[in-house]
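Q: Give me coordinates for this.
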Amino acid sequence: MPDRPIRLATRGSQLALAQVDLVAAALAASGDGAPVERVVVQTAGDARRDVPIHAIGGRGVFVAEVDEAVAAGRADASVHSAKDLPSDDGDADALPDAGGLVIAAYLPRADPHDALVGLRLEELAAGALVASGSVRRRAQLAWLRPDVRFEELRGNVGTRLTKVPPGGAIVVALAGLVRLGLADRAAQVLSTTEMLPQVGQGAIAIRCRAGDSEVLARLARIDDAATRRAVASERAWLRAVGGGCNSPVGALATTGGSAGEIRLEAMIASLDGHVLVRHALVGTEPEETGRALAEEMLDHCGGRALLEPYHLSGSQP
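A: Numbering: from 1, shown residues only. Have a look, this model is predicted:
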């Protein structure tokens, strides 16, 4: 493999840097002996932590500026939490997005579950406060516990852990706690029966220029096929339903079996959690499975009516 360093663009948070270290370790284990250089990008989403994510453009605000470093040639590839990728950009079939970037590799997926820090679900008193900036998390918790209250939560993982309400809880991705060595802070890991994760949660995606054959070849050596298939199915579902971080939607695909089966389960909810639709489908082709489940949920399970307020308000994935 080439000795030229590979420059990886990233946000500057502790978790983002830990994810770059995981990519570097995977490259080294693949036989790529070249050093990894960090290109740290300060994003608008990191700078404006007092504003809800959906109010400043959704999770894509964490992605665009980091990817710009790659598109402009200041970096060779970008490292992202797959859950932050907009659903309509370069997809798992390696189709370039408008900026000419593709998802070149996924690392093996970490635990995709959500976790409560503070008190367990059954320990929360009526009226207890749960902090989360995610409409997906709020809607599903409201479905389970309509008696709790919610408040906004922003910031990196370390900051969030200092904001646990007295007698309440915050909701975070378990993968982030694990990657920072903070898994012991989880009071409860929520099952997928209780809470389906955000599309791509737990997966690390690496993007590069579609025409950069050298970097594509280097990253192909660390691409995890099972994670790629699962996340591709989830992202196809999200594109088809037209939801995003502004919408209370979630999905999780699992792969396995000799036939290469993909089991995709998804949910669409009302923002207040009073109505929640869940459905699952088993298929073998990621994109087809995602689209078929979306069609079923939108047209036959009431999902279209639940998402209509977000589409009418101009919310984008």
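
Q: Hmm, Ala131 is touching Pro165, no?
A: Yes - look at Ala131 against Pro165 with CB atoms under 8 Å: they come within range, at 5.8 Å. In this view, the C-beta of every residue, glycine as well, is placed from N, C-alpha and C.

Q: Show me which of those two is the more surrounded one.
A: Higher neighbour count among Ala131 and Pro165: Ala131, with 23 against 16, using other CB atoms under 10 Å.

Q: Just the pLDDT for that one.
A: Note on Ala131: pLDDT of 97.

Q: any idea whether Gly202 is helix, strand or coil?
A: coil (DSSP: H, G, I helix; E, B strand; the rest coil).

Q: now do the one 4 residues further on
A: Classification of Ile206 by three-state DSSP places it in strand.

Q: Same check on Leu281?
A: Applying three-state DSSP: Leu281 is strand.

Q: So which residues of the stretch 51-200 of the chain form strands?
A: Applying DSSP state E, counting those that start in this stretch to the stretch 51-200 of the chain gives strands spanning 77-81, 101-106, 114-118, 129-131, 149-151, 169-173, 188-189.

Q: thinking again about what came up before, between Ala131 and Pro165, which contacts overlap?
A: Counting by CB atoms under 8 Å, 6 or more residues apart in numbering, the contacts common to Ala131 and Pro165 are Glu151.

Q: pretty sure Ser78 contacts Leu8?
A: Yes - if you go by CB under 8 Å, Ser78 and Leu8 touch, sitting 7.1 Å apart.

Q: Can you check which residues contact both of these two?
A: Between them, Ser78 and Leu8 share these contacting residues under CB under 8 Å, 6+ apart: Ile206.

Q: partners of Val249 in the sheet?
A: Beta-bridge partners for Val249, by DSSP bridges, are Ile268.

Q: What is the burial count for it?
A: 31.

Q: any idea how far Val172 lies from Gln140?
A: 14 Å (CB to CB, to the nearest Å).

Q: Next, the distance between the ends of stretch 179-189.
A: End-to-end span of stretch 179-189 (CA to CA, to the nearest Å): 15 Å.

Q: Alright, calling it a day.
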